[in-house]
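In: Got a predicted structure here, sequence first:
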Amino acid sequence: MTQQQPIPDPAMFTDDAFEPLHGELRVQKLTRPSLSYWQDAWIRLKANKRAILSLYIVIGMLLFTILGPQVWRVNPAEQDLLQVSSAPGADRSAVLVAPYRPWTNIPPAPIKPGLKLVGQATTQKVQLIWAPIPGAADYRVYRDIIAPDRQAGIYGLPLGTTGSASDTYYEDLLDLRAGTTYYSVVAMNAEGKDTAKSETLKIKLIDGITASEAVDRGLLKPDAIPPLGTILQLPLHPAGTDYLGRDMLARLMQGAQVSLFIGIVAPLLYVLFGIGYGSIAGFLGGRVDQVMMRFADFVVALPFLLFMILFKIGFGIGPGESGITPLIISMTILLWPGTARLVRGQILQVREEAYVNAAQLLGARTGYLVWRHMIPNTMGVILVTLTFAIPTAIFTEAFLSFIGMGVAPPTASWGSMSNDGIKSMLVHPHELFFPALMISITVLAFNLLGDGLRDALDAKMRSRE
Amino acid sequence: MLLYAIKRLILGIITVWFIATATFLAMHAVPGDPLSGDKAMTAQIRQNLEKKYGLDKPIGEQYLIYLNNLAHGDLGISYTQKNREVNDIIRENFPISATLGIMAVVFAGIGGTLFGALTALYRNKWPDTVIMLAVILGISVPSFVFAAFSQLIIVKINTALGFSLLPVAGWGTVSHILVPSMVLGLGTMAYLTRLMRSSMLEIVSSDYIRTANAKGLAQTRIFTQHQIRNAILPLVTVLGPAIAAITTGSFVVELVFAIPGLGRYFVQAVQQLDYTVIMGTTVFFGAFLVLMVILVDLLYGFIDPRVRLN
């Protein structure tokens, strides 16, 4: 038998027998401020320099798209025919010339051998005159933008012949462009073949504009026409112009509207549809879930780009339509299963969590469960999916527009601009460079932002660094 | 395994049937028919021609004829090129695309495995940083931009050397394949590198690598025999989507490099609205892709015993 403890006398437990404990009473009080899931994610995202930089780029792109056209008020469809395919930073000066009149008062041929320029060489006209070359039966005139190779007999573009030995003058009006130009006159023999005798002249062509053209373009006022020969400044095109003389910056902004609109709206639509489909399948479960997911598997198996093209043909884009709506509809129809699978998986997982059971036990209704517990807990994954879906959609639009199946002209998109630019890539690289750069930067920014969001929002999906 | 293969094959046939049906419907949604816009013809001639080609029959019957032709492998006749069958076009041009595609897959596979393994080996050191930077660029830059700029670089190199080191475009010799297949495989290679890296890093911390280390195997042997071999497995699963990406990528690359493959033919048909060629090649490409995905899945089951047992 163990010795029994003596029972303490109840009279001992008076109030003054106790002493208050000094110090922290609420042992469970948190020492740091409580952070919600989103606050925590934001802190983690802010620590990721690449993701924050990408976020700035994305915001910058959006500003460029929305505010850009307000600041740079140039009509993207307007053609500046004096500055076709001009590179950024090209010379913008143009000389005021008289309206064109046929060349009648031809001066006498010079005595000294060699080519001579008559008047000013502008993009309106170039008039040449030369001393007769002995032994020539006729003359052929050539033009080139690089120095001719006289040994090889390469002089560039043949412009025409003068017709006789006595005519030693030529007027060039054919598609003149500003810049250094080499004119060559080659003496022809009686059989009409070029001989080795030739004369070459290097000329710097400048843009020529007539007073009425300048007034039309708003460069001059009709009541204040300066004298001929005045140098005018043509309109500025910061990013140059395209092959039709349209302002590239304005077109890049219009293209950004189209590309980003498709790139954001299409993923938003199919992600929303995917959320609905996936959460219904995941929540109902059982046979319905099986049938629904089989159907999703089937849609996944369809070759995406081929079906995009088929849909486009099926919609039958008419003339003057941009083709944006069919593009968005077909993307939505084809791309939702990825999100649906993901959301279903998440819902199935969350459904088994203890806190959902607890909420159910406390009498929460289904709607409340979905709205309060399931959706917020799958939100992170959905946001990451959406961020990665945007670059995919931008890529798809660019690809389709590039092969001529996307946005229809004259609407600009970055893809269709690249398609236009690639044709003159070797001569005017800026026409390809700018739209390609815009696509690459935007896609890069969204990809890096997606990486950052995934790391910040979802511990399970976090990439192993 | 056999049951699984049969199941997949049936699902594949259903998919191809669906593609064919969608193709047929899309073709009928297009305004006009093969006879409109060709030449002015009297109502009688038109009626006779419609009768000859079965266009006067109800749409359901036309659909059955179409399916029957398809089942016999007849894809129709080109609109824009008279008397040229789509089958001939595919027979002539697909081998070129296939050569290019196989080269691209080989290039992407070898490059992806190698670079992925390198990044994992030199984790957080400069080779890792450089390769991962290149991977992000490879994922973010569209293939047509790569194609265009590689052409630009070839032109510059050729001009600088004074002779033609590499052809800028065209088809025919081995040197013609080199650059286009690299451009075509680049996106897939970037993707595979990323996958290989994470797969390698996962394996580093697994028990059997620890065992191999504990029993004193040489590091190079662990790396080549245990790590790379196991890390390659997940790469096989994405081979299906990769083949699809390379097939559609070939549309652009063949267009830019002027390679007379089926992809370029398809894009040209799209631009010229040669509907029968579009439809025929779509069904062909669709069937090809579906078959490839099934083959890759079966192959995966063959390679990885864990999948086979499930």
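Out: Sure, I can see it.

In: got the contact list for the nearest residue to B:Met182 once chain neighbours are set aside?
Out: Nearest residue to B:Met182, sequence neighbours excluded (CB to CB, 6 or more residues apart in numbering or on different chains): B:Phe107, at 5.8 Å. (C-beta placed from N, C-alpha, C; glycine too.) Neighbouring residues of B:Phe107 by CB atoms under 8 Å, 6 or more residues apart in numbering or on different chains: B:181-182, B:185, B:189.

In: quick one: secondary structure of A:Ile133?
Out: coil (DSSP: H, G, I helix; E, B strand; the rest coil).

In: pretty sure it contacts A:Lys197?
Out: Yes. Using CB atoms under 8 Å, A:Ile133 is in contact with A:Lys197, at 5.2 Å.

In: OK, contacts around the nearest residue to A:Phe261 once chain neighbours are set aside?
Out: Spatially, and ignoring its direct neighbours in sequence, A:Phe261 is nearest to A:Ile324 (6.9 Å; CB to CB, 6+ apart). The contact partners of A:Ile324, taken as CB under 8 Å, 6+ apart, are A:258, A:261-262, A:407, A:411.

In: Look up the pLDDT of A:Ile324 for me, please.
Out: Reading off the confidence values, A:Ile324 has pLDDT 81.

In: what's near enough to touch the nearest residue to A:Tyr355 once chain neighbours are set aside?
Out: Of all residues beyond its chain neighbours, the one nearest A:Tyr355 is A:His373 (6.8 Å), with distances taken as CB to CB, 6+ apart. Going by CB under 8 Å, 6+ apart, A:His373 touches A:350, A:355-356, A:359.

In: ok, back up a step: mutual contacts of A:Ile133 and A:Lys197, please.
Out: A:Ala187.

In: pLDDT of stretch A:253-260, averaged?
Out: In the prediction, stretch A:253-260 has an average pLDDT of 86.

In: ok, of the contacts of B:Phe107, which one's closest to A:Pro108?
Out: B:Met182 (63.2 Å; CB to CB).

In: residue ranges with poor pLDDT in the stretch 151-300 of chain A?
Out: Within the stretch 151-300 of chain A, the segments meeting pLDDT under 70 span A:229.

In: just for the stretch 201-310 of chain B, where's the confidence low?
Out: Those would be B:273, B:305-310, if you go by pLDDT under 70 across the stretch 201-310 of chain B.

In: Could you do the stretch 351-465 of chain A as well?
Out: A:458-465.

In: Output the set of residues of it in proximity to chain B.
Out: A:391, A:395, A:398-399, A:402-405, A:418-419, A:422, A:425-426, A:429, A:432, A:436, A:439-440, A:443-444, A:447-448, A:463-465 (CB under 8 Å from any CB of the partner chain).

In: Excluding chain neighbours, what is closest to A:Ser416?
Out: Looking at A:Ser416 with CB to CB, 6+ apart, the closest residue is A:Ser401, at 4.1 Å.

In: shouldn't B:Phe251 be in contact with B:Ala269?
Out: No. B:Phe251 is beyond contact range of B:Ala269, at 10.9 Å (criterion: CB under 8 Å).
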